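Novice: Need a 3D model of the following:
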Amino acid sequence: MCLAVPGRVLDIQERDGTRLATVDFGGVVKEVCLEYLPDLQVGEYAIVHVGFALQRLDEESARHTLELFSELGILQEEFGDPWEAAAGGGLPPVGEEARK
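Specialist: Numbers count the residues shown, from 1 in each chain. Sure, this is the predicted structure:
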C-alpha cells in the first residue's frame, strides 16, 4: 500500500537545484522533495506521498493522523523493512506449502 503520510520538516537543504527536506514521520525519518511546496519551512508539517511534499498540514491534524496510523500499524507497513516482514512470516507460503 502506498499512503500519503503527514510528517514534520526537520531541516531543508538544496541539492543540484532541488529543494529537499529531512522529514520525521512519527519516528521514521526520510528525505523528501519540496518542489511542490517551495515555501515550506522547518517545523511545519506536510502530507507526503512517494517522496514529495504535496500539501501543508496543521500540527494537530498531523499528530492525530500519525497516532491513528501508528495504532493501526500502518506506519510499520508503509516504512518497515520488507525483508523483515518476509522473515517474520508476513508473506503467504509458496510452492508445495501453499497448495496444502
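
Novice: Could you measure from the closest residue to Ile74 other than its chain neighbours over to Leu37?
Specialist: Computed as C-beta to C-beta, 6 or more residues apart in numbering, the closest residue to Ile74 that is not its neighbour in sequence is Leu3, at 6.6 Å. For the C-beta atoms, the positions are set from N, CA and C on the backbone; glycine is no exception. Leu3 sits 18 Å away from Leu37, going by C-beta to C-beta, to the nearest Å.

Novice: Which stretches in the protein count as helices?
Specialist: Remark: helices assigned in the chain by DSSP state H are 59-72, 74-79, 82-87, 96-99.

Novice: Kindly export the first one (C-alpha atoms) in CSV.
Specialist: Pointing back at helix 59-72 there. Extracted as CSV, the C-alpha positions of helix 59-72 are listed here (Å, rounded to 0.1, in the frame of the first residue of the first chain):
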residue,chain,number,x,y,z
GLU,A,59,0.3,20.2,13.6
GLU,A,60,-2.9,19.0,15.4
SER,A,61,-4.2,17.2,12.3
ALA,A,62,-0.7,15.7,11.5
ARG,A,63,-0.2,14.4,15.1
HIS,A,64,-3.7,12.9,15.2
THR,A,65,-3.2,11.2,11.9
LEU,A,66,0.2,9.8,12.9
GLU,A,67,-1.3,8.4,16.1
LEU,A,68,-4.1,6.7,14.2
PHE,A,69,-1.6,5.3,11.6
SER,A,70,0.6,4.0,14.4
GLU,A,71,-2.3,2.3,16.3
LEU,A,72,-3.3,0.6,13.1
